[in-house]
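[1] Got a sequence here, can you build the structure:
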Amino acid sequence: MALACEVEPREVRATLASFSLVLVLMGSYYILRPVRDAMASDWTDAEVSWLWTLTFFFSAAAVSLYGAVVSRVSVRRLVPGIYGFFALSFTLFYFGTQFSSDRTLVDKSFYVWVSLFSLFHISVFWTFMADTFSQQQSKRLFAFIGAGASVGAIGGPAMATALAGSGNTDPLLLIAATTVLLTLPLVAWVQRLKSQDMGNVNVSATDKDFDYLGGNPLAGFGDFISSPYLLGIGLFIFLYTAIGSFVYFELKNLLADYSRAERTQIWAAMDLVVNTLTLLIAMFATGRIATRLGLPFTLSSIPLLIAVGMLLLVAAPSVAAVVAIQVIRRAGNYAVSRPAREMLFTAVDRETRFKAKPVIDIVVYRGGDMLNAWGFTALTQGLGLGIAATAGVGAGIALVWAIVGVALGRAFDRRGSASDTS
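    Residues are numbered from 1 along each chain as shown. Next up, the predicted model:
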């Protein structure tokens with residue numbers, strides 16, 4: 001462990017416990033995610049678009065509520081309370097699937113609920129970490145602790161892939177609920193180690209640790225729309241969600257002929273490949289790409305790969321081709337595009353960054369999901385376009401996405417040059 005981070009003897013147990021906590025959390029989410037995505041193939045494009053619309057509004061409301069609560073409730077009570085609540089909810093969803101005469105409403109509610117869980121499980125974890133470790137310790141230990149999320153993101157879908165083979169995916173909800181419950185003794189252990197091992201009795205999360213939540217997601221709207229640079233970041237993310245919506249809807253339609261268990265296995269297998277590739281690329285390639293080839297290339301590389309994949313899909317539509325595009329899109333985003341995108345925020349001041357980030361992360365990202373879902377529905381159910389035609393539209397969007405990436409990278413370099421000469 002000492003080879004991986006600069007850890008002191010009194011910090012070892014708390015660091016390993018925190019690593020295990022985020023591993024279990026991420027594993028639980030990736031058990032649930034393929035179950036959720038497998039459901040979508042049972043519904044029309046319009047039905048899924050409505051669910052994405054509800055997700056947008058519920059997400060904005062839930063994050064705003066959490067931003068208000070988190071500064072008023074002690075982290076000691078908040079963290080186990082939220083995780084216990086989600087574990088109970090997944091248990092109730094399981095019983096809902098067993099005893100409901102028409103489980104359509106239960107499935108659709110679960111679909112939106114897992115999307116809300118994805119917003120909170122890691123955010124709450126890092127709030128807990130800010131309440132446990134000092135600022136000096138965080139610089140040395142958080143990278144190692146965060147690696148636990150990558151391990152969990154591999155273990156979760158591997159478990160889902162194996163267990164979905166039984167033909168019934170409902171028990172995965174109970175397994176995920178039990179997995180979330182396993183976090184509670186880990187949380188209690190970390191809280192004890194905070195004082196017993198590290199003596200951090202005076203360390204506590206402050207309001208600044210929650211700035212990224214933004215309280216009101218619209219608070220930074222003025223800063224966002226008045227800055228061409230931030231608008232460019234917003235456009236980059238909007239185009240990313242456009243491609244994500246197109247690929248997701250194409251895939252869920254192509255998988256409609258498979259059983260729900262088979263779909264769960266396919267989605268889980270994709271998650272497993274994506275998360276493994278992400279870990280490998282992030283460890284060995286991302287830093288070298290950004291430093292040696294520059295941010296314009298880094299931001300445009302994945303969009304260009306997607307554009308090529310979409311053009312190939314025009315020529316030869318198939319499930320395998322869409323799966324490959326989905327894997328490239330997600331692994332490329334997690335390992336390359338997103339880290340590069342986060343670098344863009346280092347070129348603005350801290351206050352602007354914290355005000356604008358909730359607008360971009362909630363309004364633009366979730367709103368982009370919603371609008372692009374309806375855009376895809378208009379193409380398929382409205383105009384009657386097939387997979388080849390919609391892939392052609394997607395290729396055009398990916399090329400625009402790449403151009404925006406190049407422009408943003410150059411704008412970032414100009415800002416860097418200006419700060420160096422000032």
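
[2] Can you mark which positions in the longest helix anywhere in the chain are buried?
    Longest helix in the chain, counting residues (DSSP state H): helix 387-421. By neighbour count with 16 or more other Cβ atoms under 10 Å, helix 387-421 contains the buried residues 387, 390-391, 393-395, 397-399, 401-402, 404-409, 411-412. Every residue, glycine included, has its C-beta placed from N, CA and C.

[3] Looking at it now, give me its mean pLDDT.
    Helix 387-421 comes out with an average pLDDT of 88.

[4] what's it packed up against?
    Applying 3 or more Cβ pairs under 8 Å, 6 or more residues apart in numbering; DSSP states H and E, we find helix 387-421 packed against helix 228-254, helix 295-315, helix 338-344.

[5] mind giving me TSV with the ones you listed and columns for mean pLDDT and distance to V75?
    Listed next are the helices and strands packed on helix 387-421 as TSV, based on pLDDT from 0 to 100; distance: least, Cβ to Cβ, whole Å:
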stretch	mean pLDDT	distance to V75
helix 228-254	94	30
helix 295-315	94	36
helix 338-344	84	25
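
[6] Of all the ones you listed, which one comes closest to V190?
    For the helices and strands packed on helix 387-421, proximity to V190 was assessed by Cβ to Cβ; helix 338-344 is nearest, at 26.4 Å.

[7] and that closest one, what other elements does it pack with?
    Applying 3+ Cβ pairs under 8 Å, 6+ apart, we find helix 338-344 packed against helix 228-254, helix 286-293, helix 295-315, helix 387-421.

[8] now for the ones you listed, which one comes closest to L193?
    helix 286-293 (31.8 Å).

[9] tilt between that closest one and helix 295-315?
    110 degrees (axes from the mean of the first three to the mean of the last three Cα atoms, to 10 degrees).

[10] Show me what helix 286-293 is in contact with.
    The contact list for helix 286-293, computed with Cβ atoms under 8 Å, 6 or more residues apart in numbering, reads F297, T298, S301, A335, V336, P339, A340, M343.

[11] One more: stretch 254-268?
    With contact meaning Cβ under 8 Å, 6+ apart, stretch 254-268 is reached by 30, 33-35, 37-39, 41-42, 157-158, 160-161, 164-169, 172, 319, 322-323, 387.

[12] still on that earlier bit, and the contacts of helix 286-293, which are buried?
    So, by 16+ other Cβ under 10 Å, the buried ones in the contacts of helix 286-293 are F297, T298, S301, A335, V336, P339, A340.

[13] Widest-spaced pair of these?
    F297 and A335 (14.7 Å).

[14] residues contacting W43?
    Residues near W43 by Cβ under 8 Å, 6+ apart: L51, K108.

[15] Dihedrals phi and psi, it?
    When read as degrees, to the nearest 10, the backbone of W43 gives phi -120, psi 160.

[16] what's the distance between it and F57?
    Per Cβ to Cβ, to the nearest Å, W43 is found 19 Å from F57.

[17] Same check on A395?
    Separation of A395 from F57 (Cβ to Cβ): 31 Å.

[18] and Y334, how many residues sit next to it?
    By other Cβ atoms under 10 Å, 20 other residues sit near Y334.

[19] leaving aside the residues next to it on the chain, what's closest to it?
    T278 (4.2 Å; Cβ to Cβ, 6 or more residues apart in numbering).

[20] Kindly give the local confidence score, pLDDT, for the one you found.
    For T278, the model assigns a pLDDT of 86.
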